[in-house]
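> Provided below for reference: sequence and predicted model.
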Amino acid sequence: MKSWWNSLGIQLKLQIIIQLVLIAVLIPTQLWIERHFREEILMAAESRARITADGVINGMNMLMLNGIIGNPESRALYISKMGVSEGIKELRVIRSEQVQQQFGPGLPQEQPMDEIDRRVMANAKAEFHRIYDKDVPELRAVVPFLVSTNFRGTNCLDCHDAQAGTANGAASITLDLKADYENLDRTSALLWSGQAVLQLILFLLIGRFTHSITRPLENLQTTMSALQKEEDLARYVGTMQPLKVAGADEIGQLSSTFNRMVKTLQQQMVSLRISEEMQQRYLTLEREEQARLLALLAVMNVGVLFVSKENKILHVNPTFFSIWRISSKTILEGRDVTDIPGYLSHLLANDKSSAQHLLEMPETTDLYLADKRVVVQTCYVVRDVEAQVVGHLWLYEDVTHARRTPERLLHLAESDALTGLCNRYRFTSELERSLMEAGRNRTKVALVSFGIDDLSYINDTFGPAAGDRVLTGVADIVDKKTRSNELFCRLRGDEFAVLIRNATEKDAKGLAQRIKDDLSRLDFEFGGEKFKVTASIGLAIFPDHGKSEKELITHADAEISLSRRSGNNSQ
């Protein structure tokens, strides 16, 4: 289409453009006129329907005043006479539910027939629908009869048990619009025929007008064509004769400008050759530099995503594909940057909102991936030598190993190697923090300590492995019963402790009883000999038994020692 248009002459282009403008004005105008006539037909039909409905209700009112409205034959005769009016295909009077209850259901044709009837009776609002019956256009109108205290001198409430403003009936009228639309179609055919003749006449007149304007341009066009086809442009320009300037109008000025252009064109050709040689040299250097840069990016351990200011992906390196688990065969260069979240959402903990806003996050952001890796995203704005933004650079570095090493060391420092419970260091830290919070909030903290009895005997008799079984068994059964506000720790050797925040003495005693009950069900067998686990338990409440960590632990240890001496243990 474009090549065809470019092959046309100026005269024909002007003729086509002017013709299209006229068509764009005249045809929509004619279409608007037709649409206006069709709307007028529908509005006139709606008006006829309302007038017919008004006549029906007047007639029904007269039947009521004459006392014969209760006669079904009189109503049917009246409706049949009204229905033979010109343009009326069907006329029905519909009884509302209130009228049926008060005066009886009436004739079958006086019942609501479809959803339109029922909707109008319920809403008391007229509805008009354009329909087709065997391709014959029709207008279906359902107009309600509203209950009024003064309907042309008559109070409807004297006869009807209904509320004012509700519908006690309706007229369903179907109008045949075939004749109206046939007249419109004939008129439209005449208008379109006239439109075609008018366009043909205008086309011929426009052609004569544009030819008189474009004739002086033919000589200039011939010269330009010859210049375009010449292979040795510099030689041709040197031998070209100046164009004759016909006058001082726009075309004459164009010819003069062309002559001046020819005089300077040869000088421009020389400058162009020099510029091309320099450009080729710079292009070679740029390609070499680009190759070195791409090689450097390919071996980096940092994922690189470079995006232009038009949000098009310019480059991604192999590490980017590796970090985000994207197939290396995927082609991302040239695609819109908004496509990137679709490749990353499966790794962002299935959080689609995070994926959608990934590239809108702050300059440096930690990303916690679904596969437990941690990736640091860093964004840089790229500017040219004039400080204008030319794009954005995102860097992605997998720091999972670097992050997990200190986390692992912290876990080892705070955990008991045998049982996996918090160790004394973690217990002391949590106890100090809990005491500070309880002091500020005026709450209590409970400490329940217990030691395994006879553990040294088991170690000495059956070996350390047997003692370790007892310790891990006790840790496992008590840890399973630990609640959310309780911290279970192994302090040393055979001694354990449970820290309860926001606790009372009743809570501490309840926990001690749970520990006794749990340990009573725990037994071991070593060398054919069965052992029941017993423990000595001590309680300490902040601030009742002490206001510092040392005072609470000392009080609990004292109770453990007292329990062991008195034999009051979990057994």
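Thanks, I have the structure now.
> alpha carbons only for contacts and neighbour counts from here, please
OK.
> Can you pull the domain assignment for the protein?
The record assigns the chain these domain ranges, following automatic domain parsing: 12-182, 216-298, 300-403, 415-566.
> need those in a markdown table with mean neighbour count, can you?
As requested, these are arranged in a markdown table below (neighbours: other CA atoms under 10 Å):
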| stretch | mean neighbour count |
| --- | --- |
| domain 12-182 | 16 |
| domain 216-298 | 13 |
| domain 300-403 | 16 |
| domain 415-566 | 17 |
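> Packing partners of the one helix or strand N459 maps to?
Per DSSP states H and E: N459 is located in helix 455-462. Helix 455-462 sits against helix 464-480, with contacts defined as 3 or more CA pairs under 8 Å, 6 or more residues apart in numbering; DSSP states H and E.
> what angle separates the helix it packs on from helix 455-462?
Compare the direction of helix 464-480 with that of helix 455-462 by axes from the mean of the first three to the mean of the last three CA atoms, to 10 degrees and you get 140 degrees.
> Now the element after helix 464-480, going C-ward?
Per DSSP H and E, the helix or strand that comes after helix 464-480 is strand 486-492.
> Isn't H129 up against P137?
No: contact status for H129 versus P137: not in contact, 10.7 Å apart, counting by CA atoms under 8 Å.
> on that earlier part again, between the domains of the chain, which one is nearest to L202?
Taking CA to CA, domain 12-182 is the member of the domains of the chain nearest to L202, at 7.4 Å.
> Can you get me the start-to-end distance on that closest one?
Distance across domain 12-182, first residue to last, is 40 Å (CA to CA, to the nearest Å).
> so where's the stretch 351-500 of the chain uncertain?
351-362, 403-413 (pLDDT under 70).
> now the strands: where do they sit in it?
Counting by DSSP state E, counting those that start in this stretch, one finds strands in the stretch 351-500 of the chain at the ranges 364-368, 374-383, 389-398, 445-452, 486-492, 495-501.
> Serialize those to TSV and add fields for distance to L22.
Formatted as TSV, the entries for the strands of the stretch 351-500 of the chain read as follows, by distance: least, CA to CA, whole Å:
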stretch	distance to L22
strand 364-368	60
strand 374-383	50
strand 389-398	46
strand 445-452	92
strand 486-492	87
strand 495-501	88
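> nearest to L305, of the ones you listed?
Comparison of those against L305 by CA to CA identifies strand 389-398 as nearest, at 5.1 Å.
> From the rest of the structure, what touches the closest one?
301-311, 320, 323, 373-384 (CA atoms under 8 Å, 6 or more residues apart in numbering).
> can we see that at 6 Å?
The set of residues external to strand 389-398 that reach it, using CA atoms under 6 Å, 6 or more residues apart in numbering, is 302-309, 375-383.
> hey, where'd the strands end up in the stretch 51-200 of the chain?
Read by DSSP E, counting those that start in this stretch, the stretch 51-200 of the chain holds these strands, from start to end of the chain: 88-95, 127-133, 136-146, 167-176.
> Could you tell me the least trusted of the ones you listed?
Between the strands of the stretch 51-200 of the chain, the lowest average pLDDT goes to strand 127-133, which shows a mean of 80.
> and the angle for that one with strand 136-146?
Strand 127-133 and strand 136-146 are oriented at 150 degrees to each other (the same axes, to 10 degrees).
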